[in-house]
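**Q** got a sequence here, can you build the structure:
(chains A, B and C)
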Amino acid sequence: MHKRVIALADLNNAFVSMERIFDPKLHGIPVVTASNNDSMIIARSYEAKALNIKMAQPYFQVKHLEKQGLVARSANFPLYANISNRFVSVLENFSNHVSQYSIDECFFILNQKEINGLESYGQLIKKTLLKHLALPAGIGISSSKTLSKCCNYAAKKYPATGGVVNIFGDEEKRKRLLKVIPVSEVWGCGKATTIKLNSIGITSALELANFNPSKARELFGINLFKTIKELNGNEVIEFEPDYSVSQSIIASRSLGEKTDDKTTLMSSIAAHISRATVKLRNQNSVSKTLSLSIQTSKHSKNDAHYFKQASFTFDYPTSDSTKLLKAASKLFNKIYQPNYRYSKTGIMLTNISSKKTVQNDMFFDQTESEKNKVLMSTIDQLNNRYGKGALKMGTESASKKWNSQSNWRSPNYTGSWDELAVVKC
DNA sequence: TCTGGGGTCCTAGGACCC
DNA sequence: TCTGGGGTCCTAGGACCC
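**A** Next up is the predicted model:
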């Protein structure tokens, strides 16, 4: 059976590398990127990893390392998204089939008969990313997504690989590679699966690859079955799922300060509705179900934990912020309890369908729908022209107290005319 | 004192129907 | 004096990913 060449490009320490493009001072020193509220570490430079800083570690635990030269940046997602698009563009020069998997990873298909060999083609791609975008990357090449993930693991872990690992069509290499990869590092094997696999004596990726697939299906479910097939070089996971239309849209934030003030909480919820519906309308979709959640910190030892979620299903799917806000307000009053120190609010839109395919029956108020459609597109246009948040719903502005901290945010170099990098020459 | 935000898919269990 | 079986739809929750 003919096999396709499935490659993966994965940016090294993506957010830190992206910050370094615009601030050369950050090279060669320990740098981390902090999540919203500057609370958690979501990217680390090699130097930061060497200081034993862990992924997802709370920042306050490593703050003392600032004395040893640690530098923090607040996450700047608009900037990262922009650079990510350029990353995809570069890869499109090398492959006609590029499928972006995450902000820093792309799968792509290569021609098996690549003239100078797949490995040197991989090196060329890596060099081009470094030259054009100043982004270091690892390249994995094999015949399945899961194997290419394994290749990438080795490309990063073993400098001798030169950052490119190609095992396409090489059975011996595949076995050697999988032998040195712990099963916990296999794409799709999380904590729970790893514990269960270890308990039946499977600790390496190779042992997993040799595990009976139907037995695995029975004990672990369909996903591990697929993983095993993929580890054996079979392309099972769909190459190009449609990422352009989300099936659920989430908007949530930790609050800058814990509070039980209803106005503040509702104001944060209104802002979530705004962001979520813009995204919904941009993909030409409507949603039938709104869920809302409020919660206190899971980690606080002194406070009682409270998490409550409620949802509402509309008679007709909608993308109208005002309708969603009204529903959110009702849900909020249903689940709100005073005297808790709330730390986070969130909403989720589900039951999403394309605007075109929605069928309305004779009771649907067409006039009102048209009126709101015009209002929504006006809001979107004004926000596009004058910047995000230029026009807001009343509730949104009622309180700013929930806004989160980001004290070390780099400028939005590529997304805002006011924040372009200044080059002196 | 201080622990993110955004997704996907699968599964189990309840409601309801015949 | 004894508790069908199969199907569908929905929801909540879990596991995983970055």
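
**Q** got the phi/psi numbers for residue A:211?
**A** Here is the backbone geometry of residue A:211 (degrees, to the nearest 10): phi -70, psi 140.

**Q** could you report the pLDDT at it?
**A** For residue A:211, the pLDDT comes out at 97.

**Q** for residue A:27, see how far away it is.
**A** Computed with CB to CB, to the nearest Å, the distance linking residue A:211 and residue A:27 is 44 Å. Just so you know, the C-beta spots here come from the backbone N, C-alpha and C atoms, and that holds for glycine as well.

**Q** between those two, tell me which one has more neighbours.
**A** Taking other CB atoms under 10 Å, residue A:211 and residue A:27 do not tie; residue A:211 has more neighbours (21 against 12).

**Q** the more buried one and residue A:228 touch, don't they?
**A** Yes. Here residue A:211 reaches residue A:228: they are 6.0 Å apart, a contact under CB atoms under 8 Å.

**Q** low-confidence regions, the stretch 301-425 of chain A specifically.
**A** Applying pLDDT under 70 to the stretch 301-425 of chain A picks out residues A:357-368, A:385-391, A:417, A:422-425.

**Q** which helices and strands sit right next to the helix or strand containing residue A:225?
**A** Assessed by DSSP states H and E, residue A:225 sits inside helix A:222-231. Judged by 3 or more CB pairs under 8 Å, 6 or more residues apart in numbering; DSSP states H and E, helix A:222-231 is in contact with helix A:145-157, helix A:205-209, helix A:213-220.

**Q** kindly recompute the last result at 6 Å.
**A** Contacts defined by 3 or more CB pairs under 6 Å, 6 or more residues apart in numbering; DSSP states H and E place helix A:222-231 against helix A:145-157, helix A:213-220.

**Q** so is the shortest one next to DNA strand C?
**A** So that's helix A:213-220. No. Helix A:213-220 stays clear of DNA strand C (CB under 7 Å from any atom of the strand), getting no nearer than 8.8 Å.

**Q** and the angle from that helix to helix A:222-231?
**A** Using axes from the mean of the first three to the mean of the last three CA atoms, to 10 degrees, the inter-axis angle of helix A:213-220 relative to helix A:222-231 is 150 degrees.

**Q** output helix A:213-220 as PDB, nothing but the C-alphas.
**A** Output in PDB follows, covering the C-alpha atoms of helix A:213-220 (Å, rounded to 0.1, in the frame of the first residue of the first chain):
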ATOM      1  CA  PRO A 213      -4.500  -3.200  18.700                       C
ATOM      2  CA  SER A 214      -7.900  -4.900  19.300                       C
ATOM      3  CA  LYS A 215      -6.900  -5.600  22.900                       C
ATOM      4  CA  ALA A 216      -6.000  -1.900  23.300                       C
ATOM      5  CA  ARG A 217      -9.400  -0.900  21.800                       C
ATOM      6  CA  GLU A 218     -11.100  -3.100  24.300                       C
ATOM      7  CA  LEU A 219      -9.100  -1.800  27.300                       C
ATOM      8  CA  PHE A 220      -8.400   1.800  26.400                       C
END
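
**Q** close to DNA strand B, is that helix?
**A** No. Using CB under 7 Å from any atom of the strand, helix A:213-220 stays clear of DNA strand B, with a minimum separation of 7.8 Å.

**Q** and residue A:270, how many residues sit next to it?
**A** Quick note: residue A:270 (other CB under 10 Å) scores 23 neighbours.

**Q** test my guess that it contacts residue A:397.
**A** No. Using CB atoms under 6 Å, residue A:270 is not in contact with residue A:397; the gap is 8.4 Å.

**Q** and residue A:87, how far is that from residue A:165?
**A** Distance, residue A:87 to residue A:165, using CB to CB: 19 Å.

**Q** now do residue A:185
**A** 14 Å.

**Q** and the helices in the stretch 1-150 of chain A?
**A** Remark: helices assigned in the stretch 1-150 of chain A by DSSP state H, counting those that start in this stretch are A:14-22, A:46-50, A:77-92, A:118-133, A:145-157.

**Q** let me see the contact set for residue A:309.
**A** residue A:293 (CB atoms under 6 Å, 6 or more residues apart in numbering).

**Q** can you say which helix or strand has it in it?
**A** Residue A:309 belongs to strand A:307-318, assigned by DSSP H and E.

**Q** buried ones in the next helix or strand after that strand?
**A** Downstream of strand A:307-318, the first helix or strand assigned by DSSP H and E is helix A:321-335. Within helix A:321-335, the residues that count as buried by 16 or more other CB atoms under 10 Å are A:321, A:323-325, A:327-329, A:331-332.

**Q** okay if I get those residues as TSV plus distance to residue A:14?
**A** Converted to TSV, these look like this (distance: CB to CB, whole Å):
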residue	distance to residue A:14
A:321	32
A:323	38
A:324	33
A:325	35
A:327	37
A:328	34
A:329	38
A:331	36
A:332	36
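
**Q** what about DNA strand B: which of the residues you listed touch it?
**A** Within the buried residues of helix A:321-335, nothing lies near DNA strand B by CB under 7 Å from any atom of the strand.

**Q** out of these, which is nearest to residue A:371?
**A** residue A:323 (11.8 Å; CB to CB).

**Q** so how far is residue A:316 from that closest one?
**A** Residue A:323 is 9 Å from residue A:316, by CB to CB.

**Q** swap in residue A:224?
**A** Going from residue A:224 to residue A:316 by CB to CB gives 40 Å.

**Q** how many neighbouring residues does the residue of the stretch 51-200 of chain A found nearest DNA strand C have?
**A** DNA strand C sits closest to residue A:190 of the stretch 51-200 of chain A, with a gap of 2.0 Å, by CB to the nearest atom of the strand. Neighbour count for residue A:190, taken as other CB under 10 Å: 9.

**Q** roughly how far apart are it and DNA strand B?
**A** 10 Å (CB to the nearest atom of the strand, to the nearest Å).

**Q** quick one: residues contacting residue A:30.
**A** A:45, A:47-48, A:51, A:70.

**Q** wouldn't residue A:237 be in contact with residue A:144 here?
**A** No. Residue A:237 lies out of contact with residue A:144 (CB under 6 Å); the separation is 7.3 Å.

**Q** and the two? which has more neighbours close in?
**A** residue A:144 (24 against 18).

**Q** give me phi/psi at that one?
**A** Taking degrees, to the nearest 10 as the convention, residue A:144 sits at phi -150, psi 160.

**Q** spatially nearest residue to it (excluding sequence neighbours)?
**A** residue A:230 (4.1 Å; CB to CB, 6 or more residues apart in numbering).
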